[in-house]
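**Q** Okay, here's the prediction I keep looking at, along with the sequence it came from:
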Amino acid sequence: MDTNSFHEREQKRQSGFKVIYDIAAGVLWFGAGVFFLAGKYFGGKLIVDSLMSTIFGIACLCYGMFRLYRGIFAKPTS
């Protein structure tokens, strides 16, 4: 068994998992941002005030978009 081929196969496998992980994390963070931004419109009472909820919601949306971008446009390793 050639160690170079094993190393290359392992890198490809890990890069595939990283893409799936980034997309899943992006969807979850984006969903959390929507929840915190739209929670006050659905009648949900959060423990934090409206300003903190809005700031955290925007931060979650931005981070979720970043993770989705990184997962979708990831460069495959050879």
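**A** Happy to help now that I have it. Numbers count the residues shown, from 1 in each chain.

**Q** Could you report the distance from residue 13 to residue 52?
**A** Residue 13 is 41 Å from residue 52, where distance means C-beta to C-beta, to the nearest Å. All C-beta atoms are positioned from the backbone trio N, CA, C, and that covers glycine.

**Q** Residue 16 too?
**A** Taking C-beta to C-beta, one finds residue 16 at 38 Å from residue 52.

**Q** Same question for residue 60.
**A** Counting by C-beta to C-beta, the gap from residue 60 to residue 52 is 12 Å.

**Q** The two: who's more crowded?
**A** Ranked by neighbour count (other C-beta atoms under 10 Å), residue 60 and residue 52 place residue 60 first, with 20 against 12.

**Q** Quick check: closest non-adjacent residue to the more buried one.
**A** In space, and not counting its chain neighbours, residue 60 is closest to residue 33: 3.3 Å by C-beta to C-beta, 6 or more residues apart in numbering.

**Q** got a list of what the one you found touches?
**A** 57, 58, 59, 60, 61, 62, 63, 64 (C-beta atoms under 8 Å, 6 or more residues apart in numbering).

**Q** and the second one, what helix or strand is that in?
**A** Assessed by DSSP states H and E, residue 58 sits inside helix 50-72.

**Q** How far away from the center of its chain is that helix?
**A** Helix 50-72 sits 9 Å away from the centroid of its parent chain (C-alpha atoms, centre = their mean, to the nearest Å).

**Q** ok, how many other residues are close to the residue nearest to residue 71 when sequence neighbours are not counted?
**A** Closest residue to residue 71 apart from its sequence neighbours, by C-beta to C-beta, 6+ apart: residue 22 at 3.1 Å. Neighbour count for residue 22, taken as other C-beta under 10 Å: 19.

**Q** okay but residue 22 is in contact with residue 67, surely?
**A** Yes: with contact defined as C-beta atoms under 8 Å, residue 22 reaches residue 67; the gap is 5.2 Å.
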